[in-house]
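J.: no sequence for this one, just the structure:
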């Protein structure tokens, strides 16, 4: 596995991902591979318990912003659809230490963000407000392939198409 916290692997519908330059929120330390959310119209590093419909994509570059941001505080972001499969490591929970076939396509897990390193992982001990659905796993390497249950941009497009 790469050093990315979340790494794009494939698309379930064979579509190609889109990369967009996105403005970054204030006071962010983002590294390539971080899962990002929308915060006041800008990209921010996803925290543990990110709201499912705020997920934007995966950072493709590093950036650190101060208390004030401008138009040049942008990074390329892999914009996620409901079909984008991401690979991440998982953090075993107190009662759930590995994955099984029954975990696929149903239970939605949340993420954990390490307070020291900032590393994002899928948290098997947290299904409250979860937004990541398992489509594959490797218990030997403690990795999981997931899709985002509802991404910010594709979710908005779905609503617009129905109008």
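T.: Sure thing, it's come through. The model shown is predicted, which means the values in this text are computed figures rather than measured ones.
J.: Which positions in stretch 111-131 come out as buried?
T.: 111-113, 119-126, 130-131 (16 or more other CB atoms under 10 Å). Every C-beta, even on glycine, is put in place using the N, C-alpha and C of the backbone.
J.: Backbone torsions only: list them for residue 103.
T.: phi -80, psi -10 (degrees, to the nearest 10).
J.: what residues are up against residue 69?
T.: Residues in contact with residue 69, defined by CB atoms under 8 Å, 6 or more residues apart in numbering, are 23, 24, 25, 26, 42.
J.: Just put those residues in CSV and tack on neighbour count, distance to residue 102 and secondary structure.
T.: Below are the contacts of residue 69 laid out as CSV (neighbours: other CB atoms under 10 Å; distance: CB to CB, whole Å; DSSP: H, G, I helix; E, B strand; the rest coil):
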residue, neighbour count, distance to residue 102, secondary structure
23, 16, 41, strand
24, 23, 39, strand
25, 20, 38, coil
26, 14, 42, coil
42, 19, 38, strand
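J.: Of those residues, which is the nearest to residue 61?
T.: residue 24 (10.1 Å; CB to CB).
J.: Bridged to the closest one, which residues?
T.: When bridges are called by DSSP bridges, residue 24 pairs up with residue 43.
J.: Start at 738, not 1
T.: Yep, numbering from 738; the last one is residue 761 now.
J.: from the contacts of residue 806, which two are the most distant?
T.: Greatest spatial distance in the contacts of residue 806: 760 and 763, 10.5 Å, computed using CB to CB.
J.: which SS class is the nearest residue to residue 857 once chain neighbours are set aside?
T.: Leaving aside its chain neighbours, residue 857 sits nearest to residue 742 (4.1 Å; criterion: CB to CB, 6 or more residues apart in numbering). Recorded secondary structure, residue 742: coil (DSSP: H, G, I helix; E, B strand; the rest coil).
J.: give the contact list for the residue positioned nearest the centre of the chain.
T.: For the chain, the residue nearest the mean C-alpha position is residue 772 (3.6 Å; CA atoms, centre = their mean). By CB under 8 Å, 6+ apart, the contact list for residue 772 reads 742, 743, 782, 783, 787, 792, 794, 795, 823, 848, 857.
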